[in-house]
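> output the structure for:
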Amino acid sequence: MLYKTSVGSYTKDNYVAAKRVLRYLQGTRTYGLVYRRHDSMPSDGLQVCAYSDADHANCPESSRSVSGHVLQLKWHSVGFKSKMQRS
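I've put the predicted structure just below:
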């Protein structure tokens, strides 16, 4: 499902999708992430891993690129970001 990334004329489908997301968030307020040590994991400190990627001028409207990254500790995602690059 795609969501608009710029302000403009929104359709009924955009409002329906936004309402679906808000209902999901409302229903999952008490959810969270729990990180537990697994016996197969080495206990010699934290393992930090970062991934990044970008497309190349893939936005058909602006020809701008989108880049993003994910940060993981012991195979668990703890941070991420995706952003359309400035011209």
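
> helix or strand right after the host helix or strand of residue 24?
Per DSSP states H and E, residue 24 falls inside helix 12-27. Next helix or strand after helix 12-27 toward the C-terminus (DSSP H and E): strand 48-54.

> orientation of whatever helix or strand comes next after that next one relative to strand 48-54 in degrees?
Counting by DSSP H and E, the next helix or strand C-terminal to strand 48-54 is strand 66-73. Put simply, strand 66-73 runs at 170 degrees to strand 48-54, going by axes from the mean of the first three to the mean of the last three Cα atoms, to 10 degrees.

> how far off centre is strand 66-73?
8 Å (Cα atoms, centre = their mean, to the nearest Å).

> who touches the closest residue to residue 85 other than its chain neighbours in this structure?
Spatial nearest neighbour of residue 85, excluding adjacent residues (Cβ to Cβ, 6 or more residues apart in numbering): residue 65 at 4.8 Å. Glycine gets a C-beta too; all of them are placed from N, C-alpha and C. Shown in contact with residue 65 (Cβ atoms under 8 Å, 6 or more residues apart in numbering): 54-59, 84-85.

> show me which of the residues you listed are buried.
Among the contacts of residue 65, none scores as buried (criterion: 16 or more other Cβ atoms under 10 Å).

> need these in JSON lines with pLDDT and distance to residue 26, can you?
Output for these, formatted as JSON lines (pLDDT from 0 to 100; distance: Cβ to Cβ, whole Å):
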{"residue": "54", "pLDDT": "89", "distance to residue 26": "33"}
{"residue": "55", "pLDDT": "88", "distance to residue 26": "32"}
{"residue": "56", "pLDDT": "83", "distance to residue 26": "38"}
{"residue": "57", "pLDDT": "81", "distance to residue 26": "37"}
{"residue": "58", "pLDDT": "79", "distance to residue 26": "33"}
{"residue": "59", "pLDDT": "76", "distance to residue 26": "31"}
{"residue": "84", "pLDDT": "86", "distance to residue 26": "28"}
{"residue": "85", "pLDDT": "83", "distance to residue 26": "33"}
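
> alright, that wraps it up for me.
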